[in-house]
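Student: got a structure for you, letters missing:
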């Protein structure tokens, strides 16, 4: 391009016949270079992408032929060509070929909305271009002198042809998918714009179109240089991500500018029409059509903005749910899951506080199980389903919001104390068709709108799934460490807890291990059957569970043997505990109405010399069998 401008400067510096010769040479070389570049682009592209560049090359070739004819007429024959001449017809052929090449490169896909916007943009740009051409280029020819009709027709044809090229070049920039390389599209649009400007300047008298070597040649050479640049850039990768991103940004900016630009243009031509001494009815109708199209285009822009806002909001919701899922991915305990949900509800809704209320087993009461941003003493507070705010949400299976909790008929008085006057919203927690509870949030200042309720509902749906998963995990875990017959812990749980307690005993904590064994259980089982024996085992399990503190562990060790770990206890306290177990068990077996079953126990206290937990069990087992032996001796005597 800089070389072309240098050539043009040389031409303008020359004078007389030399300027004409150099001007013809430059104006012939420029379209030939453009034809060569576009032909090269067509050769390098695969068949599906060649057609636009073939048409561009043909158009540039026609312009070169026109320039050659002009050169022969003016230099070879020694006479100036009449205007319009045969050469001018070749120049005109460039524009329909260029416009057709740009048109076939436009791909809109199957989106009807894109078609509607494309048609509206085409109409707005077309009418605006026509009005500019009419005002700047055609208006001077409104009063024709006799014999000037041919000149006027040529000027009008040239302006309309250049306007068509400009129209499709801009539409390629606005709407084409990457059929043409993203790097080449701006250059094509620039070439179409430059050629239109050149026609305007020629029509307005800036430069002499009948003679080369004028300053107007700079415009034509610049247009051909841009077309050369487009051809060379088109052979680059059409899927270049950086180029696609750059063009996408440019297209977005230009599309946003269509409506305000057309509005400004409509105002400008309205002022111009008011300043004219006369305004033709046809132009007034065109102004009205442009105003209607512009209003329609603005309406589409507003709806597109609303859709984009909705998509952005939906994307934000989806990201929030993804973040919540990631946060809960490692949570397996139900209480931890509930607390994390409350914390994330606070964060994602930008709320002052949030919490989860879970239904009790009978489904009539909601209990506050976890909260974020609320005092710790509210945990455990209960509300009846009937007549409460969250109860209404659970019963009706839809979210609810209130601006002023104190004035809401479903807000309980005990809730107002920590809700205050802050807007509050709640959404139901349902897994399939089974209600689990409700998720609520308390706003800092602003009431919850429809979007907030939708997000709260989405969080509640995701939370319900995570709560169900945590509940199932806890159940499965409980089954894996629980004896199914007695409900006590099994040996797997014992291995975990005994290792921990034994290590704590090594650091100075007291530990007593009791090993129970049901006396003559085999005889009882043989006499009354296995079902009766299982019932005795369940009875002993219930007695052991009822007498064992939560901080201690009761285990079915195997068969009719049971084990209890007592931490922070001594042997005297352990003997009292064992006697109480034996007494209650004896009474419970007597109520069954069958034979009597007694229980023996071995008590072992941790000693510093013990190396492992097995040593503690071995001592208890030895003492157990010593007691069983003494009991058998007493019975025989």
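Tutor: Noted; the coordinates are in hand. Values in this document were obtained by computation on a predicted structure and should not be read as measured data.
Student: just checking, next helix/strand downstream of the helix or strand of the chain with the lowest mean pLDDT?
Tutor: The weakest-scoring helix or strand in the chain, judged by mean pLDDT, DSSP states H and E, is helix 2-13 (a mean of 50). On the C-terminal side of helix 2-13, the closest following helix or strand by DSSP states H and E is helix 16-44.
Student: can you list contacts of the helix or strand just after that following helix?
Tutor: Toward the C-terminus, helix 16-44 is succeeded by helix 51-71 as the next helix or strand (DSSP H and E). Residues outside helix 51-71 that contact it (Cβ atoms under 8 Å, 6 or more residues apart in numbering): 24, 27-28, 31-32, 34-36, 38-39, 41-42, 45, 81, 85-91, 93-98, 100-102, 104-105, 179-180, 212, 224, 227, 230-231, 234. C-beta here means a position set from N, CA and C on the backbone, and glycine is covered the same way.
Student: what helices or strands is the helix or strand that contains residue 428 leaning on?
Tutor: Residue 428 is part of strand 424-431, with elements assigned from DSSP H and E. Where contact means 3 or more Cβ pairs under 8 Å, 6 or more residues apart in numbering; DSSP states H and E, strand 424-431 is packed against helix 389-396, strand 400-402, strand 434-442, helix 450-480.
Student: In it, which residues are buried?
Tutor: Neighbour-count burial for strand 424-431, counted by 16 or more other Cβ atoms under 10 Å, picks out 424-431.
Student: repeat for stretch 528-535
Tutor: 533, 535.
Student: now do stretch 61-77
Tutor: In stretch 61-77, counting by 16+ other Cβ under 10 Å, buried: 61-71, 73-74.
Student: pLDDT on it, on average?
Tutor: Mean pLDDT, computed over stretch 61-77, is 79.
Student: burial measure for residue 419, as a count.
Tutor: For residue 419, the count of nearby residues is 23 (other Cβ atoms under 10 Å).
Student: my guess is it meets residue 443, correct?
Tutor: No - Residue 419 lies out of contact with residue 443 (Cβ atoms under 8 Å); the separation is 10.3 Å.
Student: Identify the residue spatially nearest to residue 585, adjacent ones excluded.
Tutor: Distances taken as Cβ to Cβ, 6 or more residues apart in numbering place residue 543 nearest to residue 585, at 4.9 Å, with adjacent residues excluded.
Student: Domains in the chain, by residue range?
Tutor: 2-237, 334-471, 491-636 (automatic domain parsing).
Student: circling back to that earlier point, let's have the helices and strands packed on strand 424-431 in a markdown table, adding mean neighbour count.
Tutor: Shown next, in a markdown table, are these (neighbours: other Cβ atoms under 10 Å):
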| stretch | mean neighbour count |
| --- | --- |
| helix 389-396 | 21 |
| strand 400-402 | 20 |
| strand 434-442 | 24 |
| helix 450-480 | 17 |
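Student: Put together CSV for those, with distance to residue 620 and mean pLDDT on each row.
Tutor: Below are the helices and strands packed on strand 424-431 laid out as CSV (distance: least, Cβ to Cβ, whole Å; pLDDT from 0 to 100):
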stretch, distance to residue 620, mean pLDDT
helix 389-396, 51, 90
strand 400-402, 59, 88
strand 434-442, 44, 91
helix 450-480, 25, 81
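Student: hang on, isn't the residue nearest to residue 585 packed against residue 586?
Tutor: No - using Cβ under 8 Å, residue 543 makes no contact with residue 586, being 9.7 Å away.
Student: Which one's more surrounded, the two?
Tutor: Between residue 543 and residue 586, counting by other Cβ under 10 Å, residue 543 is the more crowded of the two (23 against 14).
Student: Next secondary structure after the helix or strand hosting residue 319?
Tutor: In this structure, residue 319 sits in helix 281-328 according to DSSP H and E. With elements assigned by DSSP H and E, the helix or strand that comes after helix 281-328 is helix 334-349.
Student: now what about that following helix, what contacts it?
Tutor: 320, 323-324, 327-328, 331, 351-356, 358, 369-373, 439, 441, 443, 452, 455-456, 459, 463, 466-467, 470-471, 474.
Student: Just the mean pLDDT for stretch 523-534, thanks.
Tutor: On average, stretch 523-534 scores 90.
Student: ditto for stretch 193-210
Tutor: pLDDT averaged over stretch 193-210 gives 70.
Student: Stretch 503-517 too?
Tutor: 91.
Student: now do stretch 126-138
Tutor: Per-residue scores along stretch 126-138 average to 66.
Student: Surely residue 534 and residue 485 touch.
Tutor: Yes - in this structure, residue 534 is within contact of residue 485 by Cβ under 8 Å, at 6.1 Å.
Student: Mind checking which of the contacts of helix 51-71 are buried?
Tutor: For these, buried by 16+ other Cβ under 10 Å: 24, 27-28, 31-32, 34-36, 38-39, 41-42, 45, 81, 85, 87-88, 90-91, 93-95, 97-98, 100-102, 104-105, 179-180, 212, 224, 227, 230-231, 234.
Student: Skip the chain neighbours and tell me the closest residue to residue 408.
Tutor: Nearest non-adjacent residue to residue 408, counting by Cβ to Cβ, 6+ apart: residue 402, 4.1 Å away.
Student: Assess the claim that that neighbour and residue 424 are in contact.
Tutor: Yes - here residue 402 lies in contact with residue 424, judged by Cβ under 8 Å, at a distance of 5.5 Å.
Student: shared neighbours of those two, anything?
Tutor: 389, 408, 411.
Student: Go through the residues you listed and name the one nearest residue 594.
Tutor: residue 389 (55.1 Å; Cβ to Cβ).
Student: contacting residues for the closest one?
Tutor: Counted by Cβ under 8 Å, 6+ apart, residue 389 has contacts 383, 400, 402, 405, 408, 410-412, 415, 424, 426, 440.
Student: again, only this time at 7 Å
Tutor: The contact partners of residue 389, taken as Cβ atoms under 7 Å, 6 or more residues apart in numbering, are 400, 408, 410-411, 426.
Student: At which residues are the strands of the stretch 451-600 of the chain located?
Tutor: 511-518, 553-558, 561-567, 599-605 (DSSP state E, counting those that start in this stretch).
Student: Adding mean neighbour count, write those out as JSON lines.
Tutor: Formatted as JSON lines, those follow (neighbours: other Cβ under 10 Å):
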{"stretch": "strand 511-518", "mean neighbour count": "23"}
{"stretch": "strand 553-558", "mean neighbour count": "22"}
{"stretch": "strand 561-567", "mean neighbour count": "22"}
{"stretch": "strand 599-605", "mean neighbour count": "21"}
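Student: want to throw these into CSV with distance to residue 581?
Tutor: What follows is the strands of the stretch 451-600 of the chain, written out as CSV (distance: least, Cβ to Cβ, whole Å):
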stretch, distance to residue 581
strand 511-518, 7
strand 553-558, 10
strand 561-567, 8
strand 599-605, 7
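Student: can you tell which of those is closest to residue 116?
Tutor: Judged by Cβ to Cβ, the one of those that comes nearest to residue 116 is strand 553-558, at 72.8 Å.
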